[in-house]
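1. Provided below are the primary sequence and the corresponding predicted coordinates.
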Amino acid sequence: MVWKRRHASLGIVVVASVLWALIEHSGIPFLTLSSDVFLLLVLLLFLRANYTRKHVAALPELVVSEEMINNAAASFRVKLNYLLLMAHDITLGKDFRPFFKVVIGLWVVSVVGGFISLVTLAYIGIIASLTLPPLYTKF
């Protein structure tokens with residue numbers, strides 16, 4: 001999608017910029033704002049379903065198979081065990097390089113978090129993901 005459909009990409013940039021400006025300058029916490037938006041959306045959908053004269057299609061029944069849950073849990077368990085093993089090796093000091101990477105990474109996150117809010121960081125990520133690949137391919 002990276003600027004192949006120029007109107008869609010430009011729309012995403014404009015909407016992201018407007019939302020970022022509204023959230024940052026309103027002073028309302030992002031969690032409060034998002035929960036209010038979802039509350040309004042659920043209320044509108046409820047009113048539409050109950051008071052419209054048109055027939056609203058029934059929602060499909062969502063069914064998750066036990067096999068799919070077991071596969072997801074097994075995959076998650078393997079990844080979690082690997083993460084715990086890596087954390088165990090780092091805390092025991094068996095390898096200095098991963099320990100140093102974790103310490104530097106957490107310190108960078110702490111410094112960036114002191115200067116930039118999560119909403120601003122997400123906005124920078126959206127803008128960078130839409131502009132850097134086309135610039136890279138062009139130059």
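-> Received the coordinates, thanks. Small disclaimer: the values here were computed from a predicted structure and weren't measured.
2. need the pLDDT of the residue nearest to the spatial centre of the chain.
-> A centroid search over the chain (C-alpha atoms, centre = their mean) returns Ala122, at 7.9 Å, as the residue closest to the centre. For Ala122, the pLDDT comes out at 85.
3. which element is it on?
-> Element membership for Ala122, per DSSP states H and E: helix 118-138.
4. then Gly114?
-> Following DSSP H and E, the helix or strand that holds Gly114 is helix 96-115.
5. for Ser35, same thing?
-> Using DSSP H and E, the element containing Ser35 is helix 30-51.
6. and the contacts of that helix?
-> With C-beta atoms under 8 Å, 6 or more residues apart in numbering as the test, helix 30-51 has contacts from Ile23, Ser26, Val56, Ser117, Leu118, Val119. Bear in mind the C-beta positions are built from the backbone N, C-alpha and C, glycine included.
7. what mean pLDDT does the next helix or strand after it have?
-> Using DSSP H and E, the helix or strand that follows helix 30-51 in sequence is helix 66-92. Averaged across helix 66-92, the pLDDT comes to 90.
8. and helix 66-92, which residues are buried?
-> With burial defined by 16 or more other C-beta atoms under 10 Å, the residues of helix 66-92 counted as buried are Ile90.
9. off-centre distance for that helix?
-> Counting by C-alpha atoms, centre = their mean, to the nearest Å, helix 66-92 is centred 22 Å from the centre of its parent chain.
10. any idea of the angle it forms with helix 96-115?
-> Calculated by axes from the mean of the first three to the mean of the last three C-alpha atoms, to 10 degrees, helix 66-92 forms an angle of 100 degrees with helix 96-115.
11. mind giving me the packing neighbours of helix 66-92?
-> With contacts defined as 3 or more C-beta pairs under 8 Å, 6 or more residues apart in numbering; DSSP states H and E, the packing partners of helix 66-92 are helix 96-115.
12. having no further points to raise, I will conclude here.
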